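Participant: Predicted model, plus sequence, below.
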Amino acid sequence: MTSESPPADQIEENAMIAYREGRLEEAIDGFTAARQAFLTEANEIKAAEMGGNLCVVLLQADRPQEALNAVERSPAIFLSVGDKNRAAQAYGNLGSALEACTDSIGAENAYHQATELFDSLGDKEQYSYTMQALSRLQLRRGQPLEAIVSMQLGMEAKPQSGIRNRLLRRLLSLPIRLLNR
C-alpha cells in the first residue's frame, strides 16, 4: 500500500494555517514542502510564491540567510512571466532578507526596485510601506537626508491622510524647506 502525498495546494493551505496560528516551525516545514511539491508539478511560479512565504516566516524565526536563499530568485521568475505585482513583493521580501543579512546596499537596491514596480502599478499602499522600510534602512546607514526624503515620499503616497500623517508630513518637509533657502 502506498501513501500518496497531499496536493501542493493542500500543503500550502496547511502551512498558511500554521503561520496564522504562530506555529513558525510547522509553517517553515509546510512552505518548504509546498515549494518542492509545486516544483515537482513544474509550477515554478507557485514555487516562487512559496519561496516568498517561506522568506517571511524564516525572517520571523530569525533565520535570515535561509530567508535570503528562499527568495533570491523569485523576482526574476515573476518578471519573466510579466507579473510585476508579485515581482515587486518579491523585491520587498528580498530587501528585508538582505537587510537582515546585513547587506544594506543590496537591501537598498531591492527596496528601490520594489518601489519602482509598485509605483508603475499605482499601488500606493505598498509603495508607501516599502518607502518607509527604505527610510528606516537609510537612517540606520547614517543617511538622514535620504531617509527624510524617502519617508516623505512614502507618506505623500498614502491615500488616507489622518491628522497624525499630516503632522508627520509637515515635520518631514521642514528640513527640505530649510535646505532650499
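Facilitator: Thanks, I have it.

Participant: residues near Arg63, how many?
Facilitator: For Arg63, the count of nearby residues is 19 (other C-beta atoms under 10 Å). Every residue, glycine included, has its C-beta placed from N, CA and C.

Participant: Quickly note the distance from it to Ala114.
Facilitator: 22 Å (C-beta to C-beta, to the nearest Å).

Participant: Rounded mean pLDDT for whichever helix or strand Gly51 is part of, please.
Facilitator: Using DSSP states H and E, Gly51 maps to helix 44-60. Helix 44-60 comes out with an average pLDDT of 97.

Participant: And for stretch 77-87?
Facilitator: Stretch 77-87 comes out at a mean pLDDT of 98.

Participant: in that stretch, what counts as buried?
Facilitator: Ile77, Phe78, Leu79, Asp83, Arg86, Ala87 (16 or more other C-beta atoms under 10 Å).

Participant: Let's have those residues in CSV, adding distance to Glu41.
Facilitator: Below are these laid out as CSV (distance: C-beta to C-beta, whole Å):
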residue, distance to Glu41
Ile77, 15
Phe78, 18
Leu79, 21
Asp83, 18
Arg86, 18
Ala87, 21
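
Participant: next one: phi and psi at the nearest residue to Thr40 once chain neighbours are set aside?
Facilitator: In space, and not counting its chain neighbours, Thr40 is closest to Ala8: 7.7 Å by C-beta to C-beta, 6 or more residues apart in numbering. Main-chain torsions, Ala8, degrees, to the nearest 10: phi -60, psi -40.

Participant: From Glu156, how far out is Ala8?
Facilitator: To Glu156, Ala8 is 41 Å away according to C-beta to C-beta.

Participant: What of Gly22?
Facilitator: 35 Å.

Participant: neighbour count winner among those two?
Facilitator: Shown here are Gly22 and Glu156; by other C-beta under 10 Å, Glu156 has more neighbours (16 against 9).

Participant: pull the CA atoms of whichever strand or helix holds the more buried one into PDB?
Facilitator: Secondary structure from DSSP H and E places Glu156 in helix 144-157. The C-alpha trace of helix 144-157 is given here as PDB (Å, rounded to 0.1, in the frame of the first residue of the first chain):
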ATOM      1  CA  PRO A 144      19.400  61.100   7.400                       C
ATOM      2  CA  LEU A 145      18.600  63.400   4.500                       C
ATOM      3  CA  GLU A 146      17.900  60.400   2.200                       C
ATOM      4  CA  ALA A 147      15.800  58.900   5.000                       C
ATOM      5  CA  ILE A 148      13.700  62.000   5.300                       C
ATOM      6  CA  VAL A 149      13.100  62.200   1.500                       C
ATOM      7  CA  SER A 150      12.200  58.500   1.400                       C
ATOM      8  CA  MET A 151       9.800  58.800   4.300                       C
ATOM      9  CA  GLN A 152       8.300  62.000   2.900                       C
ATOM     10  CA  LEU A 153       7.700  60.300  -0.500                       C
ATOM     11  CA  GLY A 154       6.200  57.300   1.300                       C
ATOM     12  CA  MET A 155       3.900  59.500   3.400                       C
ATOM     13  CA  GLU A 156       2.700  61.500   0.400                       C
ATOM     14  CA  ALA A 157       1.700  58.300  -1.400                       C
END
